[in-house]
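> Sequence first, predicted model second:
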Amino acid sequence: MSDKRPLTVLCIASYEKGQEFMRECKRLGCRVLVVTMEKLRDADWPRESVDEFFYLPEEFKLEDLTRGVSYLARTREIDRVVPLDDFDVETAAALREHLRIQGMGDTTARYFRDKLAMRVKARDHGVLVPEFIHALNHERIHEFTTRVAPPWVLKPRSEASAVGIKKVETAEGLWPLLEELGDRQSFYLIEQFIPGDIFHVDSIVSQGEPIFTAVSKYGKPPMEVAHGGGVFMTRTIPRQSTDAQALEPLNHELLRTFGIARGVTHTEFIKGGDGRFYFLETAARVGGANIAEVVEAARGVNLWREWARIEVAGEHGQYELPPVRDDYAGIVISLARQEWPDTSAFDDPEIVFRLRKRHHVGLLVASHDPARVDQLLNSYARRLLEEFSATLPAPDKATS
């Protein structure tokens, strides 16, 4: 950080998240600017840690945002541009390119946003991925559906989570969906559906190398929860397990291939019936669904806080990972029929966090014993389904 002035960090936040990132930037002496949506003007931001807010309309164009941020830069020397959500990664990269600010540029950002780009890059570097095809050339799509057995998954290239994904059982069912997309077909890919357990690896990257990883396993696949309802669950797994020992080097290889210099990542793999791990997708941000709280409860590392420290350190600064624990944690979350569910009947001492969000219910547990974490999560999942759970149609666009 300069001896003459504090570093100025511009945060781009399409959704309400990243509060601890902002707090840590302010604790480190930074000037914090936040660009967010007009509809989030009254959201629960850490206002004591933010120097200035700027608000965008619901539908804004990148060119308009670029002009606006450039206008701000006339009187504010912006040192870092940081996207706090998946949808902001490409926006932040474009702003960095325009302002010539250090950090991830357009090309690298593609590998962390565009599901087609990340699959091509991974496959070309020997990382195992499900069979896929760009939803572009109809002759090649026909060849794919003839060669690769269904079911398949039709995926938007640049959405987040399970938004917009459709499972397709037959070629006869696929073509009407493609026709319905019209000119938007090229913004989709078609992928072989591989059943299996889905894992996520959450990492801290410094100087191009992952220096911290937490390997976790979902309960039901997130796509199944998003489309069929039920309880979302994830929990950390032992670092000594066969799965973690396989995933850590695979994740390391992938991130090195994609060229991220520093920051945090959230990467998903599926373990197929053949026992091999297939890369699904990655993101240059903190995982959603309170995964940051799970990692902190298990390992003692707050991903938002460490991301802020790495961004402030920059290309030439020094970053040191805090002490790391080897405990275990997991979370269960469900939509709730009740506006503000009462979870006071859940009173096990292992509960370290209760989700406080309208029409949602969630409990996070932590223990030295992974078996105890699994026992509690499975018990809670059944109770949440019986006492609270509600189901809504899968959204066409992200909501948080």
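That came through, no problem. Numbers count the residues shown, from 1 in each chain.
> Every contact and neighbour count from this point should use C-alpha atoms.
OK.
> And Trp175, which helix or strand is it part of?
Trp175 belongs to helix 171-181 when assigned by DSSP states H and E.
> Identify the residue nearest the residue nearest the centre of the chain in space, chain neighbours excluded?
A centroid search over the chain (Cα atoms, centre = their mean) returns Gly287, at 3.6 Å, as the residue closest to the centre. Nearest non-adjacent residue to Gly287, counting by Cα to Cα, 6 or more residues apart in numbering: His266, 5.5 Å away.
> My understanding was that the one you found contacts Ala289; is that so?
No - when contacts are counted by Cα atoms under 8 Å, His266 is not listed as touching Ala289 (11.9 Å).
> out of those two, which sits in the busier spot?
Remark: of His266 and Ala289, His266 carries more neighbours, 22 against 16, as counted by other Cα atoms under 10 Å.
> Can you list the low-confidence ranges for this protein?
Flagging of the chain using pLDDT under 70 yields the residue ranges 1-3, 160-162, 223, 226-229, 392-400.
> sec struct for the residue nearest to Gly287, please.
Per DSSP: H, G, I helix; E, B strand; the rest coil, the secondary structure class of His266 is strand.
> Report the beta-bridge partners for the spatially closest residue to Glu268 that is not a sequence neighbour.
In space, and not counting its chain neighbours, Glu268 is closest to His200: 4.3 Å by Cα to Cα, 6+ apart. With beta bridges defined as DSSP bridges, His200 has these partners: Ser216, Glu268.
> And for the one 10 residues further on?
When bridges are assigned using DSSP bridges, the partners listed for Pro210 are Val205.
> Then Lys155?
In this structure, Lys155 has the following beta-bridge partners (DSSP bridges): Leu189.
> Likewise for Ile333?
Beta-bridge partners for Ile333, by DSSP bridges, are Phe232, Gly362.
> What are the buried residues along stretch 256-271?
257-258, 260-271 (16 or more other Cα atoms under 10 Å).
> same check, this time on stretch 370-379
Those would be 370, 373-374, 376-377, for stretch 370-379 by 16+ other Cα under 10 Å.
> What is the nearest of these to Glu16?
When the buried residues of stretch 370-379 are compared for distance to Glu16 (Cα to Cα), Leu377 wins out at 26.6 Å.
> so the closest one makes contact with Tyr328?
No - contact status for Leu377 versus Tyr328: not in contact, 11.9 Å apart, counting by Cα under 8 Å.
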